[in-house]
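Q: Sharing a sequence plus its predicted fold:
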Amino acid sequence: MEVLPLVALVAGSAIVAGAARWTPVPAPLLLVAAGLLASYVPGVPSYTLDPHIVLPLLLPPLLYTAAVDSSYLDLRANVRPVALLSVGYVLFATLAVGYAAYLVVPGLSLPVALVLGAVIAPPDAVAATAIARKLGLPNRITTILQGESLVNDATAITAYKVALAAAVGVSAGWAGGIAEFLLASVGGVGVGLLLMVPIHHLRKHLREPLLQNTLSLLIPFVAYAAAERVHASGVLAVVVVALYLGHRNWQVDFATRLQEEAVWRMVAFVLESVVFALIGLQLPVVLKGLAEYEGWDAAWYALAVFLAVVVARFVWVFPATFVPRLSERIRTREPDTTWKAPVIVGWAGMRGVVSLAIAFSVPMSVPHRNLILFLTFTTVIGTLVVQGLTLPPLIRLLRLPPRDVQAETLAEAQAQSEASRAAEERLAELLAEPENALPPPLAQRLRTVMERRRNAVWERLGEVNPVTGESADDVYRRLAREMIASEREVFVNQRDRRQIDDEMLRGLLRRLDLEEAAAYREETA
């Protein structure tokens, strides 16, 4: 691809994603719609999804960011529902949707139909995470959706390889398919387990943040490539490494964490924006190969496959939610649930770019390849638009209990209070030693900073300013930022009057930036 179209794709995607923050529509849906509209604009180049780019170059970093931000402890606590969705449901959807397509499409062989079923079986990691984050779903539902989306791509890719081998006549039978599935899953986890400890050791002992972040950007690609090299699942390798590193991220230098968070937020924003825009831009490529099918026939096939995808998910989710709860051990170990949770999980099965990338990797020799591309595209668009647009009102209609912000803030305040007591005791021990002697004002400054950190969370539970609606902590941060802004303006004026040079200005501004970061905690969108 030429440089200018690539730059235009990234810039246009970023603009649309940024604009989505000012609308009630989730960014993935707006990006897909923009891509669909742009595909009809004269002069817009053809952007074809290349599976050799999407799978090894776009999927690993997207999975890595999602897994690093996930909670290993929450996923472990919900391992049963996550496994039932990420493995059981994907295999069930492959068979159910594939068989439905076999019944509906004349001349479609069952092996080729199963290829289609495997292609559109996995819900999308990026879509699920983005929608869940936007809607503020209850924590357990969000964890289950995120956990499912981290692992299901590996299951789908393996199922696709087995189905494709059967479709082209080189299948080794059920035994060979099961062996390949075990090799991919066990091998992927094994590669991740082998890599995670040495990578974490290297991260802890690299003291240069720039080198640390360079390593961080390479990790998902290294894990994915190492696993694929031995014919294992690169997806699982990336997820295992990312979960381990995220769980132990506190052991890394603070400067690295701050810089790494900023870098990965930017990378994830750009890649997610580009991925969803690319989905919409595939329309001309997909329609180009449909000349052999009557328009209404293709539309009927698309509707039938879309309905099969939606129905199959509900057919799996409800029994998978309630049948295991017949066991008293599971009822005791897991929190109680109602019919509302599986309704949300069932309706949140949006498909995405991974399905399209797999579809584009189907060899040209496979019969009905163009139809597979078309049905995958219509299913992805249908689930993103229909389910994505109706999920927010569905959640409001069901009146799911919202996250208990008051309880979360109280837990945070108690944790901070306990940590502050430990810090006070440690400070007293240190100041008692002769080599740590400090002038009283500096010692008091340490105590004041620590005290403010402890009180800040408690103040969020207290009364708010009757005029602005802010807590005392909010007012403190706002005033601190105003003071720092005044200092920053003075420094810039001094530079402009040639009283200080640019090098000195950069040093002074960096100090103010660090103070502003300490005084003001940015709320994550």
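A: That came through fine.
Q: Can you tell me how far the residue nearest in space to the middle of the chain is from Tyr160?
A: Nearest to the mean C-alpha position of the chain, by CA atoms, centre = their mean, lies Ala66 at 3.5 Å. Ala66 is 21 Å from Tyr160, where distance means CB to CB, to the nearest Å. Any C-beta I mention is one placed from the backbone N, CA and C, and that applies to glycine too.
Q: Check Glu418 too.
A: Distance, Glu418 to Tyr160, by CB to CB: 50 Å.
Q: what do you get for Trp22?
A: With CB to CB as the criterion, Trp22 and Tyr160 are 39 Å apart.
Q: More neighbours: which of these two?
A: Counted by other CB atoms under 10 Å, Trp22 and Tyr160 do not tie: Tyr160 has more neighbours, with 24 against 7.
Q: Quick check: that one touching Leu116?
A: No - using CB atoms under 8 Å, Tyr160 makes no contact with Leu116, being 9.6 Å away.
Q: Heading C-terminal from whichever strand or helix holds Leu150, find the next helix or strand.
A: In this structure, Leu150 sits in helix 139-167 according to DSSP states H and E. Sequence-wise, the next helix or strand downstream of helix 139-167 (DSSP H and E) is helix 173-205.
Q: what's the following helix or strand past that following helix packed up against?
A: Moving toward the C-terminus from helix 173-205, the next helix or strand (DSSP H and E) is helix 209-229. Helix 209-229 makes packing contacts with helix 59-68, helix 173-205, helix 234-247, helix 254-281 when contacts are defined by 3 or more CB pairs under 8 Å, 6 or more residues apart in numbering; DSSP states H and E.
Q: who's in contact with helix 209-229?
A: 56-57, 59-61, 63-64, 187-188, 191-192, 195, 199, 202-203, 206, 233-238, 240-242, 245, 252-253, 255-256, 259-260, 263-264, 267 (CB atoms under 8 Å, 6 or more residues apart in numbering).
Q: From these, list the buried ones, please.
A: Buried members of the contacts of helix 209-229, scored by 16 or more other CB atoms under 10 Å, are 59-61, 63-64, 187-188, 191-192, 195, 199, 203, 206, 233-238, 240-242, 245, 252-253, 256, 259-260, 263-264, 267.
Q: distance of the residue of the chain positioned farthest from its centre from Glu424?
A: Distance from the C-alpha centroid of the chain peaks at Pro434, with 50.3 Å (CA atoms, centre = their mean). Noted for Pro434: a distance of 20 Å to Glu424, by CB to CB.
Q: repeat for Leu145
A: If you go by CB to CB, the gap between Leu145 and Glu424 works out to 41 Å.
Q: And Ala304, by the same measure?
A: 67 Å.
Q: Count the residues that sit near Arg426.
A: Neighbour count for Arg426, taken as other CB under 10 Å: 10.
Q: Flag every buried residue along the helix or strand hosting it.
A: For Arg426, the host element (DSSP H and E) is helix 405-431. By 16+ other CB under 10 Å, the buried positions in helix 405-431 come out as Ala413, Gln416, Ser420, Ala423.
Q: just checking, what packs against that helix?
A: helix 440-461.
Q: which secondary structure elements does the helix it packs on contact?
A: Packing partners of helix 440-461 (3+ CB pairs under 8 Å, 6+ apart): helix 405-431, helix 472-496.
Q: Now Gln251. Nearest residue, chain neighbours left out?
A: Nearest non-adjacent residue to Gln251, counting by CB to CB, 6 or more residues apart in numbering: Lys204, 5.6 Å away.
Q: do Gly289 as well
A: Asn370 (3.1 Å).
Q: Give me the neighbour count for the one you found.
A: Neighbours around Asn370, by other CB under 10 Å: 19.
Q: Compute the inter-axis angle for the helix or strand in which it is found and helix 254-281.
A: Under the criterion of DSSP H and E, Asn370 resides in helix 369-382. Here helix 369-382 runs at an angle of 120 degrees relative to helix 254-281 (axes from the mean of the first three to the mean of the last three CA atoms, to 10 degrees).
Q: dump the residue contacts of Asp153.
A: Leu59, Leu63, Pro122, Ala125, Val235, Val354.
Q: Can you check the pLDDT for the closest residue in space to it that isn't next to it in sequence?
A: Leaving aside its sequence neighbours, Asp153 sits nearest to Val235 (CB to CB, 6+ apart; 4.8 Å). At Val235 the predicted local confidence, pLDDT, stands at 92.
Q: Next one: Val235 from Leu75, what distance?
A: Relative to Leu75, Val235 is positioned 15 Å away (CB to CB).
Q: same thing with Glu180?
A: Glu180 is 26 Å from Leu75, by CB to CB.
Q: With neighbour numbers in mind, choose between these two.
A: The neighbour count for Glu180 versus Leu75, taken as other CB under 10 Å, is higher for Leu75 (20 against 17).
Q: residue contacts, that one?
A: Val82, Thr143, Gln146, Gly147, Leu243.
Q: Count the residues that sit near the last one.
A: Just to be clear, that refers to Leu243. Quick note: Leu243 (other CB under 10 Å) scores 21 neighbours.
Q: That one against Ala66, yeah?
A: No - Leu243 lies out of contact with Ala66 (CB under 8 Å); the separation is 10.2 Å.
Q: got the contact list for Pro56?
A: The contact partners of Pro56, by CB under 8 Å, 6+ apart, come to Phe221, Tyr224, Ala225, Glu228, Gly234.
Q: one step back: now distance to Val362 too, for the contacts of Leu75, in CSV please.
A: CSV is the format used below for these (distance: CB to CB, whole Å):
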residue, distance to Val362
Val82, 29
Thr143, 33
Gln146, 28
Gly147, 28
Leu243, 31
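Q: Quick check: of the residues you listed, which has the highest neighbour count?
A: Gly147 (27 neighbours).
Q: Figure out the helix or strand that the residue nearest to that residue when sequence neighbours are not counted lives in.
A: Closest residue in space to Gly147, ignoring its immediate chain neighbours: Val82 at 3.6 Å, by CB to CB, 6+ apart. Applying DSSP H and E as the criterion places Val82 in helix 79-83.
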